[in-house]
Each structure stands twice: as structure tokens, then as C-alpha cells.
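Novice: model the following, please.
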Amino acid sequence: MSLDSWYERLHAAVLEELPAAVELRHALHADPRRSGDEADTTAAVVAALGAGEGREVAGTGRLVRIGTATGPTVALRAELDGLAVLEQTDVGWASGSGVMHACGHDAHLAGLVAVCRAVARVGGPAPLLALLQPREESAPSGARDVVLSGLLAEEGVRSVVAAHVQPQLAAGVVNATPGPVNAATDEFTITVTGHGGHGGYPHTTHDPVLALAAVVVNLQQLVSRRVDPTVGAVLAVTQLDAGTSFNVVPDTARARGGLRVMRESDRTALLTALTEVAEHTAAAYGCSAQVHTESNEPVLANDPELARAAVPWLARGGVEVDDSWRSFGADDFSHYCADARGLMLFLGVDGGAPDAQGRRPGLHSPRFLPADETVGQVATALLAGYLAGAQLLGT
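Specialist: Numbering: from 1, shown residues only. The predicted model follows:
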């Protein structure tokens, strides 16, 4: 059967699955679990898939195979965890537990189930693996642990596809950018040490607060002068901590922040420059500086061939396709892209009812609640990615 015929067959089957998928979305939204505590969510999704218990992975995660037991496979990934957010919506299926699916994971899971059930019922051009991933929202990364388990290689996974709601895109638009689409992230802590003393005798001190303030200002030129402006980067100091009293110069002052880049070469260069600026600036004020960094996610780079192959199937689904949008947000889906073809599709959605100023809620907002039609949009995107992955299995 040609891929065109498979599309028509699967598209019709997915539409038939959507009412049950929307009900699943409501059930998952009403009863979310935090990162690392997703066993109940996993059990509910596995039951909805109706394809057996699958294989446990990364603690509370699960791999459920659809179709033939062996051979090159396309994986569809969705995230299991919610966030520690107290929901502020008025739907009958709102969560009241202080945990909320405020990032669309309920819709992602429901759309995945619709596609997998359709493939299980009418067949498909390639084996399909439902990848139910834990711990996307917090460390340690669930995706990293899935990759390190080696189970994706055992399952013959050649492509991994995901879809994520994104209110920064216009509703009805699906983004399929080839290459880097989400940033690599690093956290840093700068500790400046001086010599404290009485606030009335500053000449007897080496003030680490003043030195740290200079460090923060001097860091602002790194991105504009060290990174190609057509590529971009983000270096943000977001926390400052020093002192206990207005009349005491402390011995130490600390700053924390984050670095986000689209190229690994910029990551290396900026982390080196950050340390140099902090140390030399502090020294100019008679102080010393230590910089501690912690690497998080790598760059999320969509496989160009897989992204291009998905575009015609997305268009068949009636959506407007964008291939240029990028975000300095991060997603641990990036770990899959190192070992297989990876494709993260971003779906433009309205985040929910606007506030008094006309602003709609964004990701992680307690009011974030895309409409139920989002489940069908997720399924459309995942079906397109599945067909694109099947198309490339022979290349």
C-alpha cells in the first residue's frame, strides 16, 4: 500500500478515535502527577492504548509497541508529568490537587493514544512505539534516562517524533523547523568573596556586593560581542543574594543565572568568557570570584530530512506549516536527537481565556488550558511525523 493510501486510512481512523481521546485528556488533566510520581498516569495511558503492558523504562516510563515485534521502528513520544501549579480554570475537569498539566502534556498523551490506537486497529506502514516519558519537567531528565537504558536501540527505533503546544505560535500553525529549534541550557552560580566589615567604614572592606554588581553589568556584553547576531544566545542573571543587614558589608555575594545557546561552539566559548569576566572583574575590586556551572539539556536539533518529509503530510492535514520559528526554551527531547532522527513539532494554540488586559495565558500558567480541539491537532502532527519516519526507514 502506498503512503498516500496509508494516510487516508489512518487519518480516518484517527478521527474515529478522537472522542475517546478527548475523554482521556479530561481524565488525565483532572488527576495529574508530578515528575517521578507518574505511575498512575502511566497506567491510565497504557490501559487506553490497549496494546499490552509494554516495557518499563526510566522508572515510571513505558514503551508500548504497536505492530510487528521487530524491525526498524518509529517512536512517538509524549510526557507523563505535570507541574506543581495550583490550577485557576473553571472547567469541570480541573485539577484541585496543586499539581496541574499546565504545559499541555495531557493533550500530548491523548493525541498519541489516538494515533497509536488507529495504527493498532487498521495497520500502518511501519512498526510504532509509544514512548511514555517521565520527568520532562524536572531533573534528572527522563529522556536522558530513556536513551541511556538502551531500550530504544533494542526496539530498533530509527526516528523519534513529538508534538508540543506552543501559544507563541498562531493557532492553527504547526512548526517543523529543520535543524536547531530549542536551546541548550546551562545554569551558573558566581560567588564573589571579599572582606566584609562595618557599613560606616567602607574603606576598610573589599566589598563583594559592589564587585558582584560590576560582574553582572560586565556580563551583559558577552552575547552581543561574542555571538553571531543571526544565531543568538541568552545570558541572564536571575538571582542575587548578599548580606543580612543594612549596616554590614558581607564577606560574600552570589549570583545565579542561565545560559542558552543554539550552537555547542557558542556554549563552550561563552562559559569560558563568563568565568574570565567574573574573575577579572572581581579582582579589579580587590575580591575573588568562583564560577560553578551545571549543564542541562543539549541543543534540540530537528533532523532536516525528517522535518522536510513531515511537511507534505502536515499540509494534507489542513494546517499551515512554518519552518522558521525557533525558541530559546529547552526540552529534554533533545537527548533523543543524538541517537536517532528526531523531530519536535510545535503547535500554535490559544492558551485559554484572556485576562482583563486581553492577555492569554502561556505555558506553565495556572490558567493555561488549550481547547479540546488541541487533541486532534496533536494527533494530526504525530501522524504526519509517523508517516515521515516510515518514509525514511529505507533511506
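
Novice: may I have the phi/psi pair for the residue nearest to G243 when sequence neighbours are not counted?
Specialist: Sequence neighbours aside, P250 is the residue nearest to G243 in space, at 4.4 Å (criterion: C-beta to C-beta, 6 or more residues apart in numbering). In short, each C-beta sits where N, CA and C put it, glycine included. When read as degrees, to the nearest 10, the backbone of P250 gives phi -80, psi 170.

Novice: quick one, what contacts P250?
Specialist: By C-beta atoms under 8 Å, 6 or more residues apart in numbering, P250 lies in contact with 196, 208-209, 242-244.

Novice: go through those and say which is closest to R77.
Specialist: A242 (42.5 Å; C-beta to C-beta).

Novice: any idea how far that closest one lies from D207?
Specialist: From A242 across to D207, the span is 10 Å (C-beta to C-beta, to the nearest Å).

Novice: who's more crowded, those two?
Specialist: D207 (22 against 17; other C-beta atoms under 10 Å).

Novice: that one reaches Y285, doesn't it?
Specialist: Yes: with contact defined as C-beta atoms under 8 Å, D207 counts as touching Y285 (6.9 Å).

Novice: common neighbours of the two, please.
Specialist: Common contact partners of D207 and Y285 (C-beta under 8 Å, 6+ apart): G194.

Novice: the helices in the chain, which residues?
Specialist: Ranges of helices within the chain are 3-30, 39-49, 105-122, 142-149, 151-154, 208-219, 221-226, 264-284, 304-316, 373-392, based on DSSP state H.

Novice: only alpha carbons, please: show stretch 264-283 as PDB.
Specialist: Extracted in PDB, the C-alpha atoms of stretch 264-283 (Å, rounded to 0.1, in the frame of the first residue of the first chain):
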ATOM      1  CA  GLU A 264      27.600  24.000  21.100                       C
ATOM      2  CA  SER A 265      30.600  26.100  20.000                       C
ATOM      3  CA  ASP A 266      28.900  29.200  21.500                       C
ATOM      4  CA  ARG A 267      28.200  27.200  24.700                       C
ATOM      5  CA  THR A 268      31.900  26.500  25.200                       C
ATOM      6  CA  ALA A 269      33.100  30.000  24.300                       C
ATOM      7  CA  LEU A 270      30.500  31.800  26.500                       C
ATOM      8  CA  LEU A 271      31.100  29.600  29.500                       C
ATOM      9  CA  THR A 272      34.800  30.300  29.300                       C
ATOM     10  CA  ALA A 273      34.200  34.000  28.800                       C
ATOM     11  CA  LEU A 274      31.800  34.100  31.700                       C
ATOM     12  CA  THR A 275      34.400  32.700  34.100                       C
ATOM     13  CA  GLU A 276      37.100  35.100  32.800                       C
ATOM     14  CA  VAL A 277      34.800  38.200  33.200                       C
ATOM     15  CA  ALA A 278      33.800  37.200  36.700                       C
ATOM     16  CA  GLU A 279      37.300  36.500  37.900                       C
ATOM     17  CA  HIS A 280      38.900  39.600  36.400                       C
ATOM     18  CA  THR A 281      36.100  42.000  37.300                       C
ATOM     19  CA  ALA A 282      36.100  40.800  40.900                       C
ATOM     20  CA  ALA A 283      39.900  41.100  41.100                       C
END
